[in-house]
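> what's the 3D shape of this:
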Amino acid sequence: MTHMPKIAELNRLLSYMAYRIFEPLVILFLRNSVPYQTASDWLKRIYVDVALENKEFRINPDKKQTKTRVAVLTGLSRVEIDRVLKIEKPLEVTEQKWNRATKVLSGWSNDSRYVSQNGQPKDLPIYGEHSFSSLVDNYSGGATMRSVLDELVYVGSVEICNNNVRLIRTDYAPTPNKAKLIDLEFYGIYIGELLNTITYNDIEVDEEKKRFQKIVFHRTIPESNKKEAIDFIKEKTDVLLSVVDQKLSELAESKLSEPTTRLGLGTYYFEEVNHEKN
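Below you'll find the model as predicted:
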């Protein structure tokens with residue numbers, strides 16, 4: 001009974017942390033038409049992957065995790081765990097989509113079966129020998145013809161004319177769309193690296209071994225000083241990152257035969273309107 005207040009306080013703090021983390025993610029999801037069920041499946045997949053792969057959650061770290069143990073840890077049934085494991089990992093979706101679409105377009109432009117005598121990509125029938133369907137089978141790495149066709153039509157790389165598929169552009173997406181996808185992937189990297197540092201520091205008891213994690217902010221910057229504050233942060237951060245990048249580049253060039261570690265420093269600017277009355 002004496003531990004109940006502490007558990008309640010811990011849950012309250014974790015729920016607050018979850019809200020602060022999930023709220024901006026939900027904004028990004030809704031902005032990009034991701035419904036709750038899809039995001040829920042992603043989260044379930046991550047729960048299952050972490051419980052399966054992270055030694056911290058195994059009874060015996062040297063033995064393979066069991067699905068029964070995963071069910072106990074996650075609260076998911078064995079049937080649901082099997083279903084979730086069939087879901088494509090969110091971390092792989094963007095890369096796989098780019099790779100599959102790019103390979104199909106590259107094959108269309110270079111494979112002699114799909115180009116004319118003057119080297120131009122042919123208009124392809126959807127089905128049959130030397131068709132768009134056979135092109136996808138040869139180059140997509142297992143994706144279905146319909147999913148690839150729908151995607152390439154959506155991004156404007158191909159069009160359907162008289163039951164034939166015509167190549168309009170050899171790149172996968174217009175620059176703005178591809179830039180958006182790249183931005184979203186980097187958002188995941190930024191957030192993920194910060195949270196990885198937090199989870200590492202959470203269980204590391206030795207202060208000397210904890211990873212660098214600091215934040216600087218002031219709650220009452222007057223609106224008239226805001227631009228000066230932003231300009232100052234950008235200037236000093238650019239200088240710092242340039243120095244860090246140069247040093248890391250120097251360190252990366254030596255002793256390449258050794259095992260390597262991926263490490264770095266992330267920075268970001270933030271602001272929030274202060275609604276409190278002064």
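> can you show me the helices along this structure?
4-31, 36-53, 67-74, 78-85, 90-110, 132-139, 145-155, 175-203, 226-252 (DSSP state H).
> list of residues touching the second one?
For helix 36-53, the external contacting residues (Cβ atoms under 8 Å, 6 or more residues apart in numbering) are 25-26, 29, 57, 65, 69-70, 73-74, 76, 80-81, 84-85, 87, 89-90. Where C-beta positions appear, they are placed from N, C-alpha and C, glycine not excepted.
> among those residues, which ones are buried?
By neighbour count, with 16 or more other Cβ atoms under 10 Å, the contacts of helix 36-53 hold 29, 57, 65, 70, 73-74, 76, 81, 84, 90 as buried.
> between the residues you listed, which is nearest I221?
F29 (30.6 Å; Cβ to Cβ).
> how much space between the closest one and Q37?
11 Å (Cβ to Cβ, to the nearest Å).
> also L76?
15 Å.
> again, but for Y187
From Y187 over to Q37 (counting by Cβ to Cβ), the distance is 22 Å.
> compare those two and say which is more crowded by neighbours.
Taking neighbours as other Cβ atoms under 10 Å, Y187 and Q37 compare with Y187 leading, 13 against 8.
> for the nearest residue to that one once chain neighbours are set aside, grab the count of nearby residues.
Leaving aside its chain neighbours, Y187 sits nearest to L28 (7.1 Å; criterion: Cβ to Cβ, 6 or more residues apart in numbering). L28 has 13 neighbours, counted by other Cβ under 10 Å.
> surely L28 meets I191?
No: using Cβ atoms under 8 Å, L28 makes no contact with I191, being 9.9 Å away.
> still on that earlier bit, for the buried ones among the contacts of helix 36-53, give me a markdown table that also has distance to R262 and pLDDT.
Formatted as a markdown table, the buried ones among the contacts of helix 36-53 follow (distance: Cβ to Cβ, whole Å; pLDDT from 0 to 100):
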| residue | distance to R262 | pLDDT |
| --- | --- | --- |
| F29 | 27 | 81 |
| F57 | 23 | 90 |
| Q65 | 25 | 92 |
| V70 | 28 | 93 |
| L73 | 28 | 93 |
| T74 | 28 | 94 |
| L76 | 31 | 94 |
| I81 | 30 | 92 |
| V84 | 28 | 87 |
| P90 | 20 | 61 |
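> kindly reformat those as a markdown table containing distance to T102.
Shown next, in a markdown table, are the buried ones among the contacts of helix 36-53 (distance: Cβ to Cβ, whole Å):
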| residue | distance to T102 |
| --- | --- |
| F29 | 26 |
| F57 | 37 |
| Q65 | 35 |
| V70 | 35 |
| L73 | 38 |
| T74 | 35 |
| L76 | 35 |
| I81 | 33 |
| V84 | 29 |
| P90 | 20 |
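> farthest pair in those residues?
The farthest-apart pair in these, when distances are taken by Cβ to Cβ, is F29 and Q65, at 29.1 Å.
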